[in-house]
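[1] sequence below, structure please.
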Amino acid sequence: MKSLNQMKAFLLVGVFALSMMSFSALLSDWPVPAEYKTKKNPYAGKADDGTGQKLYNLHCKSCHGAKGLNDGPKAKNIKTPMRKFNEPAVMKQTDGELYYKSIIGREETKMPNYEKKIAAEKDRWMLINYIKTMK
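    Residues are numbered from 1 along each chain as shown. You can find the predicted model right below:
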């Protein structure tokens, strides 16, 4: 009886460890093409006229929340783990990496593509600039 309980506990710990590894891999393993890693933000440091915040509120807030803490009304329906924008792992990314993840998206994580919805290149960069204020 004791060894059966030990085996159950071992299996439970193993399943938990595997699920945590999968969760961690989903958060960290988002390959970004080299061209985006080094993509320069032509509007870095430029004053925003409110476009970035307007686009964030329109397209991002419902999942990522008002402050990028993943507490938007749609967040509870998303099974894919999301990083909070104020996490160092997010903030240390280049503007190009954030651009790729925010504008190009990733189908398997349900992050939509916004190339058509945010057609103007300047507007896309203003959105990235706004996200970077969520330190």
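
[2] where's residue 74 relative to residue 54, distance?
    19 Å (Cβ to Cβ, to the nearest Å). Backbone N, C-alpha and C define where each C-beta goes, glycine included.

[3] repeat for residue 107
    With Cβ to Cβ as the criterion, residue 107 and residue 54 are 26 Å apart.

[4] the two: who's more crowded?
    Per other Cβ atoms under 10 Å, whichever of residue 107 and residue 54 has more neighbours is residue 54, with 15 against 8.

[5] quick one: average pLDDT of the host helix or strand of the more buried one?
    Using DSSP states H and E, residue 54 falls within helix 51-59. Summarised as a single mean, pLDDT over helix 51-59 is 97.

[6] likewise stretch 86-102?
    Mean predicted confidence for stretch 86-102 is 96.

[7] which stretches of the protein have low pLDDT?
    1-28 (pLDDT under 70).

[8] can you give me the helices in it?
    2-28, 34-37, 51-59, 61-64, 88-91, 95-99, 121-131 (DSSP state H).

[9] I'd like to know which elements the last one is packed against.
    This points to helix 121-131. Secondary-structure packing of helix 121-131 (3 or more Cβ pairs under 8 Å, 6 or more residues apart in numbering; DSSP states H and E): helix 51-59, helix 95-99.

[10] could you say which of those helices is packed most deeply?
    Among the helices and strands packed on helix 121-131, helix 95-99 has the highest mean neighbour count (mean count of other Cβ atoms under 10 Å), at a mean of 20.

[11] how about the contacts made by residue 90?
    83, 84, 98 (Cβ atoms under 8 Å, 6 or more residues apart in numbering).

[12] kindly report the same for residue 116.
    By Cβ under 8 Å, 6+ apart, the contact set of residue 116 is empty.

[13] right, and the helices and strands packed on helix 121-131 - which one's nearest residue 78?
    helix 51-59 (14.6 Å; Cβ to Cβ).
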